[in-house]
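J.: Quick one: sequence and predicted model below, then my questions.
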Amino acid sequence: MFSPGCDNDTIAKLDQMIGYFDKKQKQYDEYDECCEKIIRYSKPGARVATAGGTGNAMMIVGIVFFFIGCVFSGLFSSCGYKNIIFQFWVLVLLFGLVMIMAGSIKKSHYRRNQEKKKNAILAENKNRFVSLENELLQYYREYGSCLTASAYTNPKILRYLRKLIELGRADNTKEAINLMHQESHNPEMESRAITAAREASGMARDRDTVAFYTAADFLLD
């Protein structure tokens, strides 16, 4: 339903766009998810849920045993090297040393496993990101004359632009887009989509990037 005082022609055109791009909502949502994963796992120190992260615990146990063994073997060294008590504490010391070494090896293996899985997730999502981007861009071009650039064709974003015009807060799509940018929670930051596009391509794209804005750029608290 149209509201008095608003640009009904623009709203009608936005409704047509929403109906058209709604058919790709699943792809837009997957695109958003790929953006989040690319950004998350491109950060230094990003971790992936993997089993076997017990190296630190083993090293801590080893250090405790090593320290206790050092102290008590030193205390009982005067009893002679053949004294069973002295030998016991030496074994404790050696056990601690073995645990430290084993923990260090396990921790190193865990880190390599983390890096391997992280790179696999990144590669998978970058490939899917590029595929979705091309698919959505082609779908946009097939529409013909759109009121917005391809970056704003996520149906969730289109509905928000429609709402701004319907409420009289903007007179046209250009004003609605500017207002949406002003009201976004991170107006000074690049969008997730463009940041992810740079990560996916391995190089910074120019201002005419075909990256689509994600709904999270504007519509999440």
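T.: Here it is on my side, so go on.

J.: which SS class is residue 171?
T.: Put simply, residue 171 is coil when judged by DSSP: H, G, I helix; E, B strand; the rest coil.

J.: scratch that, residue 213
T.: Recorded secondary structure, residue 213: coil (three-state DSSP).

J.: And for residue 45?
T.: Following three-state DSSP, we place residue 45 in the coil state.

J.: Can you tell me the closest non-neighbouring residue to residue 154?
T.: Of all residues not flanking residue 154 in the chain, residue 28 sits nearest, at 4.6 Å (CB to CB, 6 or more residues apart in numbering). For glycine as for every other residue, the C-beta is placed from the backbone atoms N, C-alpha and C.

J.: Can you tell me the element that neighbour falls in?
T.: If you go by DSSP states H and E, residue 28 is part of helix 25-42.

J.: Toward the C-terminus, what is the element adjacent to that helix?
T.: Next in sequence after helix 25-42, counting helices and strands by DSSP H and E, comes helix 55-75.

J.: what about this structure, any weak spots by pLDDT?
T.: Where the chain drops to pLDDT under 70, the residues are 1-7, 49-53, 78-81, 185-190, 201-210, 220-221.

J.: What are the boundaries of the strands in it?
T.: Using DSSP state E, no strands are assigned anywhere in the chain.

J.: Tell me who's in contact with the spatially most central residue of the chain.
T.: Most central in the chain under CA atoms, centre = their mean is residue 40, positioned 2.5 Å from the mean C-alpha point. Going by CB atoms under 8 Å, 6 or more residues apart in numbering, residue 40 touches residue 46.

J.: can you do 10 Å?
T.: The contact partners of residue 40, by CB atoms under 10 Å, 6 or more residues apart in numbering, come to 46, 47, 48, 118, 121, 122, 125, 196.

J.: Residue 198 versus the residue nearest to residue 154, what's the distance?
T.: Separation of residue 28 from residue 198 (CB to CB, to the nearest Å) stands at 20 Å.

J.: Comparing these two, which residue is more hemmed in?
T.: Set side by side, residue 28 and residue 198 show more neighbours around residue 28, with 21 against 18, by other CB atoms under 10 Å.

J.: Tell me if I'm right that the more buried one and residue 152 touch.
T.: No - using CB atoms under 10 Å, residue 28 is not in contact with residue 152, being 11.3 Å away.

J.: what is in contact with these two at once?
T.: Residues touching both residue 28 and residue 152 by CB under 10 Å, 6+ apart: residue 212.

J.: and which of the contacts of residue 40 is nearest to residue 88?
T.: residue 47 (40.0 Å; CB to CB).

J.: Which residue is the nearest non-sequential neighbour of that closest one?
T.: Residue 47 sits nearest to residue 114 (CB to CB, 6+ apart), 6.2 Å away.

J.: Equivalent analysis for residue 135, please.
T.: Nearest non-adjacent residue to residue 135, counting by CB to CB, 6+ apart: residue 27, 6.3 Å away.

J.: for that neighbour, what are its contacts?
T.: So residue 27 contacts 21, 131, 132, 133, 135, 136, 139, 154, 212 (CB under 10 Å, 6+ apart).

J.: hmm, which of those residues are the buried ones?
T.: Among those, those buried by neighbour count (16 or more other CB atoms under 10 Å) are 21, 132, 133, 136, 139, 154, 212.

J.: Thank you kindly, that will do.
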